[in-house]
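Visitor: sequence and predicted structure below; questions after.
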Amino acid sequence: MNVNLPIYMDYSATTPVDPRVAEKMMHYLTLQGVFGNPASRSHKFGWEAEHAVEEAREHIAALVNADPKEIVWTSGATESNNLAIKGVAHFYQAQGKHIITCKTEHKAVLDPCRQLEREGFEVTYLDPQPNGLIDLKELEANIRKDTILVSLMHVNNEIGVVADIAAIGEITRAHKVLFHVDAAQSTGKVAIDLEKMKVDLMSFSAHKTYGPKGVGALYVRRKPRVRLEAQMHGGGHERGMRSGTLATHQCVGMGEAFRIAREEMLSEGERIKALRDKLWNGIKDMEEVYVNGDLEHRVPHNLNVSFNFVEGESLIMALKDIAVSSGSACTSASLEPSYVLRALGRDDELAHSSIRFSIGRFTTEADIDYAIDLIRNKVGKLRELSPLWDMFKDGVDLKSIQWSAH
Amino acid sequence: MSYSEKVLDHYENPRNVGAMDKDDASVGTGMVGAPACGDVMRLQIKVNEHGVIEDAKFKTYGCGSAIASSSLLTEWVKGKTLEEAGAIKNTEIAEELALPPVKIHCSVLAESAIKAAIEDYQSKNATTTA
């Protein structure tokens, strides 16, 4: 078996830049390349840079079937989310100060919402169903006369479940509420057609789709027109919505990444689904192994699994030959299990025992074979070490025990 | 997070993993922590008639630092009297393993585990000898 260790299985955190993208970006940096300021109107250097940026903008628009004029460059999905949520809230606050989102959103949506609460807005945080998706009836029931915005992600970063944004868009449009979608995890994985989907704002990231870090975009619908209050003030770039000199090489990189995604997503999706299914089929017969989130309405790139009675951080340590992440945030300073898994109603024990495997363009079948062997071996070893596994095997109900919280 | 070499060594080659008969009068069992918090340690000691710990076994559900803390503790308590073992401080464990601040609670748990095991042994033997 020919694999390079460690094997990267954390594509949901970031993807490597596709070599075709990196090659293209290099032509937009040096004196010999197109290094000009895209906002320079007085010479060829500026015109060429502007042309490159506009061509890249067309590639972003084409992937999601939008008009290039509806694409605003940003520094990444976090900035796009901030601009969409705070920008809409500030512009439309006279019409109402209520926003709806979900507990399992990314922090780049939840934290701007928290900030708006401090500014006097009211935010409803919907509970997801146990499969990780929201109940559309519950969403509709929570829309009020003063609701101005619904913000929901397309694909969840931890569990990979895919929201039905077409159906949600019908509901929000009928109630004349704006709809923002964080699509950082979905571009190149799930088809997006903004001609058909009634989405008003959509956030994109380059580095989750084989483009460079540090660049993203926000889709802002023109028909019907959506208005925003700028969060970054300066030279009035991007039609006043986002000032700052455009990073030509970054925009070009994102454009190329999205162009490749559009061409290859169908065949790539099939290949990755086969790999993900192989991984799951290789471990699902182990005892006490659970998938977190819906397995059907899910991108093929993600497998989030709880290995009961094994603690996630020690498992990550045992699996050091494969780069994965833990649903348990013990690896950061907080010792809390994943808020996403808790919101699904998973027990803390299972949330502590979860691992996110995310695979992508450069994952091979040999990588998957290696991972399956390693997981089976190491989970077995850690269970031999686990007093909880002993008790489970002895038929002790762990819920019947009075644990000393600490 | 990077682990110290000592943590990695105990994690890769944990010492004294196992279980003893918890109903044996010469065995003291301490189980501390909670699954919901991400750590459970079970430490068992076998005590001879001179009050000396002859053997120790552990099993731990938890992060690498928790596993290492309990593994180290089993090495340290063997051959010690109950009094000496009960005097082991979490700070000594944390220092030996070079635990970072966010992992200090693992050493605290290990100290609680040996205290609980000693208490269990003493309560068993108080009732049998009285």
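Guide: Sure, I can see it.
Visitor: how about the strands of the stretch 301-406 of chain A, start to end?
Guide: Per DSSP state E, counting those that start in this stretch, the stretch 301-406 of chain A carries strands over the ranges A:302-307, A:322-323, A:325-326, A:354-358.
Visitor: so where is the stretch 51-200 of chain A shaky, pLDDT-wise?
Guide: Scanning the stretch 51-200 of chain A for pLDDT under 70 picks out no residues.
Visitor: in it, which spans are strands?
Guide: Per DSSP E, counting those that start in this stretch, the stretch 51-200 of chain A carries strands over the ranges A:71-74, A:98-102, A:122-126, A:147-153, A:178-182.
Visitor: tell me what angle the longest one forms with strand A:122-126.
Guide: Between the axis of strand A:147-153 and that of strand A:122-126 there is an angle of 40 degrees, by axes from the mean of the first three to the mean of the last three Cα atoms, to 10 degrees.
Visitor: just the CA trace of strand A:147-153, in CSV.
Guide: Provided in CSV are the C-alpha atoms of strand A:147-153 (Å, rounded to 0.1, in the frame of the first residue of the first chain):
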residue,chain,number,x,y,z
THR,A,147,-38.3,39.7,11.2
ILE,A,148,-35.8,41.1,8.6
LEU,A,149,-33.4,38.3,8.0
VAL,A,150,-33.0,34.5,8.2
SER,A,151,-29.4,33.2,8.1
LEU,A,152,-28.9,29.5,7.7
MET,A,153,-25.9,27.5,6.4
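Visitor: what sits closest to the residue in the stretch 101-250 of chain A positioned nearest to chain B if chain neighbours are left out?
Guide: Chain B sits closest to A:E158 of the stretch 101-250 of chain A, with a gap of 17.2 Å, by Cβ to the nearest Cβ. Every C-beta, even on glycine, is put in place using the N, C-alpha and C of the backbone. Once flanking residues are discounted, A:E158 sits nearest to A:V340: 4.4 Å by Cβ to Cβ, 6 or more residues apart in numbering or on different chains.
Visitor: what is the neighbour count of the one you found?
Guide: 27 (other Cβ atoms under 10 Å in any protein chain shown).
Visitor: and if you look at the one 5 residues further on?
Guide: Look at A:G345: counted by other Cβ under 10 Å, it has 12 neighbours.
Visitor: for it, report the pLDDT, please.
Guide: At A:G345, the model reports a pLDDT of 90.
Visitor: list the contacts of the residue of the stretch 151-300 of chain A found nearest chain B.
Guide: Minimum separation of the stretch 151-300 of chain A from chain B (Cβ to the nearest Cβ) falls at A:E288, amounting to 12.8 Å. For A:E288, the contact set (Cβ atoms under 8 Å, 6 or more residues apart in numbering or on different chains) comprises A:F307, A:N308, A:F309, A:F392.
Visitor: what sits against residue 99?
Guide: All of this is about chain A. A:I99 sits next to A:85, A:89, A:113, A:116, A:121-124, A:147-151 when contact means Cβ under 8 Å, 6+ apart.
Visitor: please refer instead to chain B.
Guide: Taking Cβ under 8 Å, 6+ apart as the test, what B:L99 contacts is B:S4, B:V7, B:S65, B:S69, B:I93, B:C106, B:S107.
Visitor: using CSV, lay out those residues together with pLDDT and distance to chain A.
Guide: Converted to CSV, those look like this (pLDDT from 0 to 100; distance: Cβ to the nearest Cβ, whole Å):
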residue, pLDDT, distance to chain A
B:S4, 91, 13
B:V7, 94, 9
B:S65, 93, 9
B:S69, 96, 12
B:I93, 96, 15
B:C106, 93, 10
B:S107, 94, 12
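Visitor: and those, which is closest to B:K22?
Guide: Taking Cβ to Cβ as the measure, B:K22 lies nearest B:S69 of the contacts of B:L99, at 21.3 Å.
Visitor: got the buried residues for the host helix or strand of the closest one?
Guide: Taking DSSP states H and E as the definition, one finds B:S69 inside helix B:64-77. Across helix B:64-77, burial judged by 16 or more other Cβ atoms under 10 Å in any protein chain shown covers B:64-74, B:76-77.
Visitor: go ahead and confirm A:Q185 touches A:I159.
Guide: No. With contacts counted by Cβ atoms under 8 Å, A:Q185 stays clear of A:I159, the gap being 10.4 Å.
Visitor: please list the residues of chain B that sit near chain A.
Guide: Within chain B, the positions near chain A by Cβ under 8 Å from any Cβ of the partner chain are B:1, B:3, B:11, B:14, B:17, B:19, B:31-42, B:59-64, B:66-67, B:102, B:105, B:108-109, B:112.
Visitor: in contact with residue 58, which residues?
Guide: Here I'm looking at chain A. Counting by Cβ under 8 Å, 6+ apart, A:E58 has contacts A:P68, A:G255.
Visitor: I was thinking of chain B, sorry if that wasn't clear
Guide: By Cβ under 8 Å, 6+ apart, B:F58 lies in contact with B:14, B:16-18, B:41-44, B:70-71, B:73-74, B:113.
Visitor: redo those residues as TSV? Include distance to A:E263.
Guide: Below are those laid out as TSV (distance: Cβ to Cβ, whole Å):
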residue	distance to A:E263
B:P14	51
B:N16	58
B:V17	53
B:G18	57
B:M41	54
B:R42	56
B:L43	59
B:Q44	62
B:S70	54
B:S71	53
B:L73	58
B:T74	59
B:A113	58
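Visitor: nearest to A:V226, of these?
Guide: Taking those together and measuring to A:V226 by Cβ to Cβ, the closest member is B:M41, at 55.2 Å.
Visitor: separation between the closest one and B:H105?
Guide: Distance of B:M41 to B:H105, computed by Cβ to Cβ, to the nearest Å: 11 Å.
Visitor: repeat that for B:A19.
Guide: The gap separating B:A19 from B:H105 is 24 Å, by Cβ to Cβ.
Visitor: more neighbours: which of those two?
Guide: It is B:H105, of B:A19 and B:H105, that has more neighbours when counted by other Cβ under 10 Å, with 23 against 14.
Visitor: next, the buried residues of the helix or strand where that one lies.
Guide: According to DSSP H and E, B:H105 maps onto helix B:104-129. Of all the residues in helix B:104-129, those buried under the rule 16+ other Cβ under 10 Å are B:104-118, B:120-121, B:124.
Visitor: so who does the closest residue to A:K145 other than its chain neighbours touch?
Guide: Counting by Cβ to Cβ, 6+ apart, the nearest residue to A:K145 once its immediate chain neighbours are dropped is A:G96, at 7.0 Å. Residues counted as contacts of A:G96 (Cβ under 8 Å, 6+ apart) are A:R144, A:K145, A:D146, A:T147, A:I148.
Visitor: so how far is A:H175 from A:G96?
Guide: In this structure, A:G96 and A:H175 are 11 Å apart, going by Cβ to Cβ.
Visitor: how about A:A39?
Guide: Applying Cβ to Cβ, the value for A:A39 to A:H175 is 39 Å.
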